[in-house]
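below: sequence and its predicted model.
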Amino acid sequence: MSFILLNRWNGRFGNRMHQYAYGVTYARLRNVDFVLPGDWEGTKLFKTQHHKVLDHPEMLEEFKAAYPQRAENPGIFLEIAKKHYPTIKEIQPESSWGYYYDSKPRTFNSVCAYQQGETRSKVPTIFIPQSRKHLLEVFEFSDEVKDSESYRHWHSRKGTYDVAHLRRGDIASGTAYVPGINGYSVVSLDSYYRAFEKFGFDKDKIEWISDDRSKKWHQDRPEVPKLGFTYPEGSEYQPGVIFDWLDDFLKMYFARTVFRGNSSFSWWANFLSGTQTYAPLLDKKVPYGENRVETDFEFVIGNYPHWHFAGQNFEPWQIIVSH
């Protein structure tokens, strides 16, 4: 029996995309099954499925019950996995030694978007085996998405507009801030305006996307109903709408140009589409949760900068090429 098991989802859709990309790459390289603790947004969003749901009702319930304890007892997911599969071993995808291990039963609990250890600034090895061609096949939109009103609308405007993605939401409210563990910077509006001028764009013709429901920064943000989130499935599905963030994702996907935020969500929209991208280069860490101060960052050409500064601003995304 050989498989790679994700024992816990970390984060929302953008982060989950990285975990899924790692799992399907592992499965492809080692010829094993990729197993999830339940379906996810991609089950509705993408045309083909490249995972199996864990066929073990008791274990699935234990994983689900353990989720609220994730901060106090992060090792509980491995304990559950070993209880039912005593020989299973946990690997650390973001370490310099365990990223694509072997075909024995393995499990992981990781965002799969960083490269830890001394090699992280030199060789972001987790991304080298990932194939752009393969991931574009894995993440092809489903017929339901392509038949949606949102998809048809933005497809009709494909390549005719430029957008800026303003990442706010939980990082601006402070709910994503855990002292000593993480801290997200809020990229200032001035950074965007300077970037528009630097790269020759008319700021008055830029269309904005944001998760700023407070409208502190994005005053004319459209009113969009906020759907729920359940674990492990993720974002709440609604027929017709599909997900409350899908319209924003597709708006970036079909844009001519995107000034993206410090966001895995917009990174994936641009990766999948190949849209011309300008991104903030996070060369310092100024957690907004500490002082409620926006931070100025320089925008650069390309989608390669990491969306979160964690000690060094390494550039993993250019490793995923056309192989």
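Good, I have the coordinates.

which helix runs longest in the chain?
Ranked by residue count, the top helix of the chain under DSSP state H comes out as helix 13-30.

and that one, average pLDDT?
Looking at helix 13-30 alone, the average pLDDT works out to 96.

pLDDT weak spots in the protein?
1, 96-98, 115-125, 174-182, 310-323 (pLDDT under 70).

in it, which spans are helices?
Going by DSSP H, the chain shows helices at 13-30, 41-45, 57-66, 76-84, 132-138, 143-146, 149-156, 169-173, 189-198, 246-253, 264-273, 288-291.

circling back: now find how far off-centre the longest helix of the chain is within its chain.
Relative to its chain's centre, helix 13-30 lies at 11 Å (C-alpha atoms, centre = their mean, to the nearest Å).

for the remainder of this discussion, apply numbering that starts at 32.
Taking 32 as the first residue, the last one we looked at is helix 44-61.

okay, the angle between that helix and helix 277-284?
Helix 44-61 and helix 277-284 are oriented at 70 degrees to each other (axes from the mean of the first three to the mean of the last three C-alpha atoms, to 10 degrees).

got TSV for the helices of the chain, with mean neighbour count and distance to residue 265 too?
All C-beta spots, glycine's among them, are computed from the backbone N, C-alpha and C. Putting the helices of the chain into TSV (neighbours: other C-beta atoms under 10 Å; distance: least, C-beta to C-beta, whole Å) gives the following:
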stretch	mean neighbour count	distance to residue 265
helix 44-61	22	7
helix 72-76	19	5
helix 88-97	15	13
helix 107-115	18	17
helix 163-169	16	17
helix 174-177	13	16
helix 180-187	14	18
helix 200-204	19	15
helix 220-229	16	29
helix 277-284	22	12
helix 295-304	23	13
helix 319-322	15	24
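
those helices: which one's closest to residue 124?
Judged by C-beta to C-beta, the one of the helices of the chain that comes nearest to residue 124 is helix 44-61, at 5.4 Å.

break this structure down into its domains, please.
34-167, 174-259+270-350 (automatic domain parsing).

and the strands in the stretch 182-331 of the chain?
193-197, 238-241, 260-261, 265-266, 288-290, 307-312, 329-332 (DSSP state E, counting those that start in this stretch).

show me what the fourth one is packed against.
Okay, so that is strand 265-266. helix 44-61 (3 or more C-beta pairs under 8 Å, 6 or more residues apart in numbering; DSSP states H and E).
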